[in-house]
Each structure stands twice: as structure tokens, then as C-alpha cells.
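In: Pasting the sequence and the predicted model now:
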Amino acid sequence: MGELRAYAALLGAQARSVLSYRASFLVEVAGNMGATVFDVLTVLVLFRATPRVGGFTLEQALLMVGISSAGFALADMLVGNVDRLKVYVRAGTLDAVLVRPLPALPQLLLMDLPLRKALRVVFGFTVLGGAIAINDIDWTPARVALVALAPGAAAAFFGSIFVISAALAFWWVESGEMGAAFTYGGRDFTSYPITVYGEWFRGLFAYALGFAFVAYQPALALLGRTDPLGLPGWAGYLSPLVALLAATVATGVWRAGIRQYRSTGS
Amino acid sequence: MIELQDLRKDFTVRVKAGRLRREKRVVTAVDGVSLRIDRGEMVGYIGPNGAGKSTTLKMLTGVLMPSAGEVSVCGLAPVPQRTRLALRIGVVFGQRSQLWWDLPLRESFALLRHIYRVPSADHEARLRRCRALLDLDAFLDTPVRQLSLGQRMRGELTAALLHGPEVLFLDEPTIGLDVVSKQAVRAFLAELGATGDVTLVLTTHDLADIERLCERLVVIDHGRVVHDGTIEALHERYGSRRTLVADLERPLPENFTLPGAVLTSVEAGRHRVTFALESAGAGAAVAGLVSAVGVRDLSLLEPDIEDVVARLYAGGGA
């Protein structure tokens, strides 16, 4: 309880810090919003060229885009800054955070929370809302639960990917932009029906790494469509479990990374 | 309060060896340090750059894991019990900040109250005391980014004390400060130490900090403790001497000798002389000089700790 109060205070401090530069904050909010709009426009443009992509209509694909971008925007705002870990290590922020009576990761994230990305989250959820409205969904209690959980599960999944790829910096200082292939690449991957990808690529990203369960499988379950790739109908409901698994792995990797930092100090 | 037993820290660094090959090399930053610091002690921890001071401090505060040896602070193991320990220690890193850059000092303090879960009344009382002693009121509402270094350091000290720590670790608290700010910081720490409730460990390059504050001095070099004791003990051990400078009535005769003192320089037509004193008392030497040549004026200079320490570092320890 006391910890939650502390986190709330950290969040409030970050908000006041950011708002002390009001004009630049507003410009950044607008700029960030633009970036997300373009992501969605890309998908729309694709469907102008062809009415069906990978066997899915524009409306159905938009549902995947909606889940994916709502989840990604949320994860990017809450956890995305963890890729600045190297900066925190160099500037000594990590040391400063380690002498306080709270876990290190939440402190780092809250002290540098990019509130300028807030409108992206709003936009992502707007697309999702629109997609739900234009698709003809046969609402059952299970589907209502799924639509409520899917964006959060997607966010947890992307957040885990952010944490894992950033934590690699504890071992390889030169890990550079490698993580971006999995974070931003993962978002792009999940914005399309996975039927469009080649078999080998799909096997790795969609199933081995679990990206299929971010948007594609939940969208199928919501639409009540059978999976052209053969997974059963209930596969879509696995998305919160897959997210939980990813979060567990991410926590483990982060903890190992902090241990590594403490034994090398670099 | 603090106990170290054979504390070691090895770092593995990769060095270039040829175009692509890299070799691993183990560097020992702290090489078997054993110390025991009791409640209320004020200990100066000094050593040349790279001697292992900051590494030791990081192991004591739970930032770094020791490679070997035992460490306990307030009866806790720093790394495994980091968050519990954090509630009981205060840390000031001279070169990095605990404050929120874009917020007024006042708000940083309020935030720290939440982070450390300090009851409101305790927080108010401690803050009031710091405000009075460190003269914070003039800049309490200024964003930290606009503070001078001296003002910021006073803010950092307050930030480290608001949760009422039992041990205060200070890593170069006076680095980069002007003379006035240094004195303000030292006076505050002296006041704090005088209460006897807070154990204070400070690293510094400024030996005036130590002379002003610390009864006990631990000198570390190449990861090993080369001296642990009072400043006086250090002088005694390294034979540093007080010097006697005198302006004489009459020029000093050739081949003049003074019992218990060695002539080190003669100036101003043999009217000004400097002796290094070998014994603790200066009385015999002064009396001898007065009766032999007459003294117009004289002064006694305390040994310079800087010299002793410089010799210690250069010699690579004893």
C-alpha cells in the first residue's frame, strides 16, 4: 500500500516535471500522435490496392491493427523508455535508484515516463473501438472478457519484449538497436494477419516467440472465424496466458541483469 | 554498525589484444578490506583515484555485490536486503543527484517522504532542522536545475537525512564546491556528528574535510587499507613533524645546534630560521633558541596532512 503511494507520487512528479516545459510538451504530444496515425494509414493504404489481404477483409484486419496498436502504445508509454537503460547506467541513475527502498525497474520507468505518448494510447484504443463497431461480432460473455483483456495482454507482451531487449544491455553494452527488431518489428508483425507471412518466418515470430497471440488469434476468436492455419478456436483466449508467460520471462531476465550489473558495475 | 571482513571486489575487463582478439583481465578494485565502524563514529575514507573508495561504498550501500568476504551494515546484508537497508541509511553521491531536476527542492523532499514512507511529523521536524542549519529557505522553491552546485549539495544532504538514517555515506560531498559552501557543508556535518546518533562515512580528496570532521582516518591504496587510526597516529607513524619558524634578534651562529630539533632552512641574513621538531613538546627548543640568540617572533606549524598522504600514496603504502 505504502509502495503504491510512493509510485503515485513518482508519477505525479514526472507529470509536473514534464509540464514545466509546457510548449515543448504539446509539440511532442502532437508529433507522437502523428507517428501512430501513419502506422494505421499504412494498413489502410494496403487495402486500397487489394480488397483482401491474406484472406481477411479490411474490417477484420483493422481489428488486429486495433488490438496491436492499443497494446503497443500502452506498452511503449509505460515501459518503452527502459531502452534508455544504458543512459541510466552511465549517468549513475541506476545507482541512485538502487539506494532507495523500492524496486529499481518501476522507479526508472516512472521517473522518466514519456507522457507525451499519451495521445498515442488514446488513438490506439480509438482504432480498436472503431474496429469493434464495424465488425459484426456475436457477443458472448467470453468474447466480452476477451476484448477487455486483449489490449492489456498485448501491452504486457510488448512490455516484456521491451524489458528483455533492454536488459540485454547488462551483458552486451553494444547491444544497440537489436532490440528494436523485436519491439517495433513485433508491432508491425502483429498489425497484419499472420497468413501473409512465409512459413519459416511465421513459425519463428508467430508461434515460437508468441506474436500470433497478441492480435491475430484474439481477433479470430472475437470474429468467430476458424483459423486458416489450423489452431483451434480457443487459441485466441490464450493471449492473457501467453502475456503472463512473457512477463515471467522478462522479470527473470531483468533480475538476472541487475545481478550481473551488481557483480560487474558496468 | 558496519562490519567488513576480507571484503573483495574483482572486475573482469576486456582489453584489446590484436585486431579482433580481446583478452579478459581481472582487475581487483578492493583487495581484502576488513573494518569495524561503531555507532556514532565519523570515519574519513581516503585514497588516490582508483584506490577502491567508491567501490567499497557501493558494496556497503547495496549497489554492488562483493566478489568475496563478509559485509554487514546495521546488521543487514546490503545486496540481499537492499530495500530494508535503504530505509536505514542515507547516501550522498557528490557527482550524481537524488533530486528531481525539473522540480523545486521542496517537491523533491515531499516525494522522498512518500518513497521512504516517513510519518508527516517526523518529516516536518527533520526538514525544519535542515532548513535552519543549511539555510535552505532562499531557494526551496527554485527548480533544482537552476540551483548552484553549493545550493544543490545542501539540498542533497537534506534529501539524504529526511528519513532519519542511522548511517550516512557521503561520496565526495564537497567536490567542486567553493570555499564558503565547503565550510557550510562541513559545519553541518560536524553538527550532525556531534549528536552521536548518526554514523558517518565519507570519502573525499579534500583532506580539510577529514581534519575538520573525522576522528578516524582510513587510508586505502590499491584496494588495501594502508592506515586505520587517528590523524595523529598517521603523523606519528610517518614521522611528520611540527615546524618552528623564528625571527631572531641576532644572526644564527655557524654550527648552531638545538636539542630535539633539526635546522631545515636559514633566510634573511641568518635572521630567519626553520627547525623541524623531533619531539612532541616545543618548549625545550624554544627556550634553547631564546637563550642562545634571542627571538623576536616565532610560530609553530602543525604538520601538513596533505604531505603525509601524498607520501603514503607515492610509496604505495607501508
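Out: Great, that's in hand. Numbers count the residues shown, from 1 in each chain, chains lettered A, B, ... in the order given.

In: and the closest residue to A:L58 other than its chain neighbours, what does it touch?
Out: Spatial nearest neighbour of A:L58, chain neighbours left out: A:F47 (4.2 Å); criterion: CB to CB, 6 or more residues apart in numbering or on different chains. Heads up, the C-betas are built off the backbone N, CA and C, glycines and all. A:F47 is in contact with A:V53, A:L58, A:A61, counting by CB atoms under 8 Å, 6 or more residues apart in numbering or on different chains.

In: mind running it again at 10 Å?
Out: A:V53, A:F56, A:T57, A:L58, A:E59, A:A61, A:L62 (CB atoms under 10 Å, 6 or more residues apart in numbering or on different chains).

In: Please pick the buried ones from those residues.
Out: Burial by neighbour count, judged by 16 or more other CB atoms under 10 Å in any protein chain shown, picks out A:V53, A:F56, A:L58, A:A61, A:L62 from the contacts of A:F47.

In: how about the closest residue to the second one other than its chain neighbours, phi and psi?
Out: With CB to CB, 6+ apart as the measure, A:P193 is the residue that lies nearest to A:F56, at 4.5 Å, once sequence neighbours are left out. Recorded main-chain torsions at A:P193 are phi -60, psi 130, according to degrees, to the nearest 10.

In: Wait, A:P193 touches A:V53, no?
Out: Yes - shown here, A:P193 and A:V53 form a contact pair, counting by CB atoms under 10 Å, at 6.5 Å.

In: Can you check which residues contact both of those two?
Out: When contacts are counted by CB under 10 Å, 6+ apart, A:P193 and A:V53 are jointly contacted by A:Q60, A:A61.

In: Check whether A:A155 really touches A:L78, as I assumed.
Out: Yes - with contacts counted by CB under 10 Å, A:A155 reaches A:L78, the gap being 7.2 Å.

In: hey, what's in contact with both of these two?
Out: The contact sets of A:A155 and A:L78 overlap at A:V121 (CB under 10 Å, 6+ apart).

In: quick one: which of the contacts of A:F47 is nearest chain B?
Out: Nearest to chain B among those, counting by CB to the nearest CB, is A:L62 at 39.5 Å.

In: List the residues that contact that closest one.
Out: Here A:L62 is in contact with A:40, A:43-44, A:47, A:56, A:127-128, A:130-132, A:134-135, A:191, A:219 (CB under 10 Å, 6+ apart).

In: Over to it. Which of the three states is it?
Out: helix (DSSP: H, G, I helix; E, B strand; the rest coil).

In: what about it, distance to A:N135?
Out: 8 Å (CB to CB, to the nearest Å).

In: Tell me how many other residues crowd the residue nearest to A:F56.
Out: Residues lying near A:P193 (other CB atoms under 10 Å in any protein chain shown) number 22.

In: Just the strands from the stretch 151-300 of chain B, written as ranges.
Out: For the stretch 151-300 of chain B, applying DSSP state E, counting those that start in this stretch gives strands covering B:167-171, B:199-203, B:216-221, B:224-230, B:243-248, B:261-267, B:272-277, B:295-301.

In: Between these, which one is closest to B:L60.
Out: When the strands of the stretch 151-300 of chain B are ranked by proximity to B:L60, the top entry is strand B:167-171, at 6.5 Å, counting by CB to CB.

In: hmm, the closest one touching chain A?
Out: Yes - counting by CB under 10 Å from any CB of the partner chain, chain A is contacted by strand B:167-171 at B:F169, B:D171.

In: before we move on, the earlier item: quick one: which of the contacts of A:L62 sit in helices?
Out: Members of the contacts of A:L62 lying in helices (criterion: DSSP state H): A:V40, A:V43, A:L44, A:F47, A:V127, A:L128, A:G130, A:A131, A:I132, A:I134, A:A219.

In: and stretch B:155-167, C-alpha only, in PDB?
Out: The C-alpha atoms that make up stretch B:155-167 are tabulated as PDB, following Å, rounded to 0.1, in the frame of the first residue of the first chain:
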ATOM      1  CA  GLY B 155      19.600  20.000  -0.900                       C
ATOM      2  CA  GLU B 156      21.300  16.600  -1.400                       C
ATOM      3  CA  LEU B 157      22.300  16.500   2.200                       C
ATOM      4  CA  THR B 158      18.800  17.300   3.300                       C
ATOM      5  CA  ALA B 159      17.400  14.700   1.000                       C
ATOM      6  CA  ALA B 160      19.700  12.000   2.500                       C
ATOM      7  CA  LEU B 161      18.600  12.800   6.000                       C
ATOM      8  CA  LEU B 162      14.900  13.200   5.800                       C
ATOM      9  CA  HIS B 163      14.200   9.600   6.700                       C
ATOM     10  CA  GLY B 164      16.400   9.800   9.800                       C
ATOM     11  CA  PRO B 165      19.200   7.400   8.700                       C
ATOM     12  CA  GLU B 166      21.400   5.600  11.200                       C
ATOM     13  CA  VAL B 167      24.400   5.700   8.800                       C
END
